[in-house]
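K.L.:
A structural model of the following input is requested.
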Amino acid sequence: MAVSLCLDAKRKIPMATVDSDPDAVLALYDIGEVRGMSAAGGTAGKTWKVVSSSGDYFLRLRGVRTSSEARLRFDHGLRDHLVGCGVPTAAALATKEGDRWVRMEEGVYELYPFVVGRAFDPESEEEIAAAARGLAEYHRVAAEYRSPSAETEPIAQYTTLGFSDAVSARMDDPDLQRLNLESVRGLAASGAERRLVERCIERVEGMQRTYAGAAYEQLSGWVIHGDYTPANLLFSESGQVVGIFDLDWALPGARCRDLGDGLYFFATRPREIDAGDIWSLTEAAEFDEDRCRIFLEAYQSVLTLERCEFEAIPLGFAGRWISIRLEGMAKVDSGERFRFFGRGVEEPLRWLDTHWAELQQ
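P.N.:
Numbers count the residues shown, from 1 in each chain. I've put the predicted structure just below:
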């Protein structure tokens, strides 16, 4: 089990003598001479590509909400399990003292081998299918993972908004979404804007009945990825998935949530996405019926969905989509928050309302 690296007086390098920066972190690893470092994007944390005399590495500073000891133990144990079962991801490297992460004043750092690959090609139907098969294989293997600790903790999914400090034991909890949407309604500057939020609240109230409690428990039992987007996958030149990364939000849950994610980010009409721009990452896109079929058929070529799970995919997506807009609000200027949330927020939800019955057939 991984143990975090806490720099204090008991260590060889006291906290008072260490600058909290990537160079100080890299000095704790046996990677030879560092010859270069360049920014590698990210919206929740920061990442760097590191070039050293022993090879190339990927250094990341995790987001604060996913840096608790319990979250780190679950994440790293899952990564080790996935790597051991042949799922294309990477396990964190150990420091000179054998630790798998470094806790500094500004947050938790991790160092990984650098994986060579390219971004998803949104024009490629073959890569849509590859992404779906990759998700199914992830679900198949991750379902066998047993956490190294029975310790669990609430998920602080919306606390960075500052509307409420309420937390939940599950992702996309409709109870918390409704609570936070009430505060979003308070940001509305017109009747039309208030009515937009009220329609979102009505949708979430429906999910409190159909995607919570016993109905949700029937769907759970999987370990979800939690952020299955092109920003977290790498592909080979031949179009195969060679890397599934960023397991910060990998948690027990319902896989229909990941499927909603996959459909939205891989089976919508092609568009350019800037992985380092929160506005681009969360832009409303248009689902494509043919691409959705490709994704769903490819997924089920590896794992079969139960009927109740298939029917719940629009609910999983709705919860995820509202969370995307709520959480993203914390990453933009306060004066832009309502515009960030409201721009096209109903478009993908209404598309699924209209077309899902046909896709089920």
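K.L.:
Where do the helices of the stretch 251-361 of the chain begin and end?
P.N.:
Under the criterion DSSP state H, counting those that start in this stretch, the stretch 251-361 of the chain contains helices at 255-266, 278-281, 289-300, 307-329, 337-342, 347-360.
K.L.:
how close does the closest residue to E311 other than its chain neighbours get to E272?
P.N.:
Leaving aside its sequence neighbours, E311 sits nearest to Q360 (CB to CB, 6 or more residues apart in numbering; 7.1 Å). Backbone N, C-alpha and C define where each C-beta goes, glycine included. Counting by CB to CB, to the nearest Å, the separation of Q360 from E272 is 31 Å.
K.L.:
Settle it for me: which of those two has more neighbours?
P.N.:
Counted by other CB atoms under 10 Å, Q360 and E272 do not tie: Q360 has more neighbours, with 11 against 7.
K.L.:
Next one: the more buried one, what pLDDT does it get?
P.N.:
Looking at Q360, its pLDDT stands at 83.
K.L.:
is it true that D173 touches A212?
P.N.:
Yes. Judged on CB atoms under 8 Å, D173 makes contact with A212 at a distance of 7.4 Å.
K.L.:
Between those two, which is the more surrounded one?
P.N.:
With neighbours defined as other CB under 10 Å, D173 and A212 compare such that D173 has more, 25 against 17.
K.L.:
how far away is that one from E198?
P.N.:
For D173, the distance to E198 equals 20 Å [CB to CB].
K.L.:
How about S190?
P.N.:
13 Å.
K.L.:
Compare these two and say which is more crowded by neighbours.
P.N.:
Neighbour tally, S190 and E198, criterion other CB under 10 Å: the higher count belongs to E198, 13 against 8.
K.L.:
On the pLDDT front, check that one for me.
P.N.:
98.
K.L.:
what residues are up against the closest residue to it other than its chain neighbours?
P.N.:
Excluding its sequence neighbours, the residue lying closest to E198 (CB to CB, 6+ apart) is R185, at 6.9 Å. Residues in contact with R185 (CB atoms under 8 Å, 6 or more residues apart in numbering) are 194, 197-198, 201.
K.L.:
Quick check: the gap between R185 and G342.
P.N.:
Taken as CB to CB, the span from R185 to G342 is 11 Å.
K.L.:
Much appreciated, bye for now.
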